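[1] need a 3D model of the sequence below.
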Amino acid sequence: MLADLLDRLLGLPTSGVYTVIGVLAAVENIFPPVPADTAVGIGAFLSVGGRISAWSIFWITWVANVTTAALVYAVARTAGRGFFRGKLGGKLLSPAGMARIEALYARHGTWAIFFSRFIPAVRAIVPPFAGIAGLGAVRALVPMAAASAIWYGTITYLAATVVKNVEQIGRLVSGLNRGAAVLLAVVAAIVVFVAVRARRAKLDRAGDDR
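    Got it, this is the predicted structure:
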């Protein structure tokens, strides 16, 4: 697949390479299975020959990805809650489920969004859930944009400076995905641990007051 995608990109003019990568980065927020990370890595890898610019790859990818994430968030914030109050939406997400999402985002919204945007399988559901939960635009979009910049910046930099052949791009992306998943698991464990400790301390203080 990597060689095929590379051949397709090599057969395009410079503007075509930028367009394909930008479209894939944008569509990822709507249809997660698209190989956006791999395409960005290949695009950055091609910059070594000087035909295209790694900086352009990064900026096009980042702007396209953040733009569609913001659009999905805006649609979910204006129409999402009404949909899930309906008959079909209520079956997909119960009022209790909606309340749990709202509570989660109200308490950990900014950091939850930031870290979740590093996980490809989870990344696409973050904008709509933030919108449905009614999270403010700044609290929702700033961590999305920051995480996207770090993620695609890392892929672009490593693919343009470290990768020696196209086969290594797949290993690079897979390694980053695994690392991000481990990081998210560690952060989640720390959050749970801190929350449990805080709750126990609160209960102990309440017992001492009696």
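[2] please count neighbours and contacts with C-alpha atoms only from this point.
    Will do.
[3] can you tell me the SS state at Leu5?
    Under DSSP: H, G, I helix; E, B strand; the rest coil, Leu5 falls in the helix class.
[4] number of residues surrounding it?
    15 (other CA atoms under 10 Å).
[5] how close does it get to Gly41?
    11 Å (CA to CA, to the nearest Å).
[6] what does Leu24 give?
    Applying CA to CA to Leu24 and Gly41 gives a distance of 12 Å.
[7] same question, Val192
    Taking CA to CA, one finds Val192 at 34 Å from Gly41.
[8] ok, the two, which is more surrounded?
    Shown here are Val192 and Gly41; by other CA under 10 Å, Gly41 has more neighbours (29 against 12).
[9] does that one count as helix, strand or coil?
    helix.
[10] how about Gly131: what's its closest non-neighbour residue?
    Arg77 (3.9 Å; CA to CA, 6 or more residues apart in numbering).
[11] hmm, who's touching stretch 48-65?
    14, 18, 21-23, 25-29, 40, 43-44, 46-47, 145, 148-149, 152-153, 156-157, 160-161 (CA atoms under 8 Å, 6 or more residues apart in numbering).
[12] show me which of these are buried.
    18, 21-23, 25-29, 40, 43-44, 46-47, 145, 148-149, 152-153, 156-157, 160 (16 or more other CA atoms under 10 Å).
[13] which strands or helices does the helix or strand in which Pro128 is found pack on?
    For Pro128, the host element (DSSP states H and E) is helix 126-132. If contacts are counted by 3 or more CA pairs under 8 Å, 6 or more residues apart in numbering; DSSP states H and E, helix 126-132 sits against helix 54-75, helix 95-116.
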